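Engineer: My questions are about this predicted structure, shown below with the sequence.
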Amino acid sequence: MEKTNRDSILSMAQGAIQERVDYEVGKCIDNILDLNTKADAKRKITITLELLPDADRKRISISATAKSTLVSTAAVSTAMMLTTDGNGEVVAVEMVPQIPGQLDMNGREQTQPKILRLVNQN
């Protein structure tokens with residue numbers, strides 16, 4: 001009796017199922033290499049195969065999806081100080097590490113802080 005070659009379901013659909021999985025793996029690798037994400041956090045790939053047989057149980061339609069769960073980028077933080085501007089209006093000014101115009105240890109000048117535009121709700 002002749003032995004029939006058997007293959008993985010991932011190679012079916014002319015390799016498209018495996019291609020989708022590989023695509024999601026690539027997204028996970030890119031996320032791992034992103035310095036803005038936590039290095040040792042888990043990434044996950046979920047492969048969903050849906051098999052829908054016909055009424056005679058002879059033909060099976062297969063739908064395959066691959067979805068990755070990535071690690072979000074790390075939070076970025078800053079601080080603001082509430083004060084008044086030259087017109088007496090309240091403004092929120094981003095706090096900077098040094099006095100604007102002062103040079104740091106590397107010779108870089110501290111830029112002016114950002115001032116948040118406040119919308120009056122009255």
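Structural biologist: That came in fine, so what should we check first?

Engineer: ok now do the spatially most central residue of the chain, which residues does it touch?
Structural biologist: Compute the mean C-alpha point of the chain, and by CA atoms, centre = their mean the closest residue is residue 72, 4.6 Å away. Residues in contact with residue 72 (CB atoms under 8 Å, 6 or more residues apart in numbering) are residue 37. Bear in mind the C-beta positions are built from the backbone N, C-alpha and C, glycine included.

Engineer: Helices of the protein, start to end?
Structural biologist: For the chain, the helices defined by DSSP state H occupy 16-33.

Engineer: Tell me, how many residues neighbour residue 66?
Structural biologist: Per other CB atoms under 10 Å, the neighbour tally for residue 66 reads 20.

Engineer: Run through the residues that contact it.
Structural biologist: 17, 20-21, 23-24, 45-48.

Engineer: so where's this structure uncertain?
Structural biologist: Scanning the chain for pLDDT under 70 picks out 119-122.
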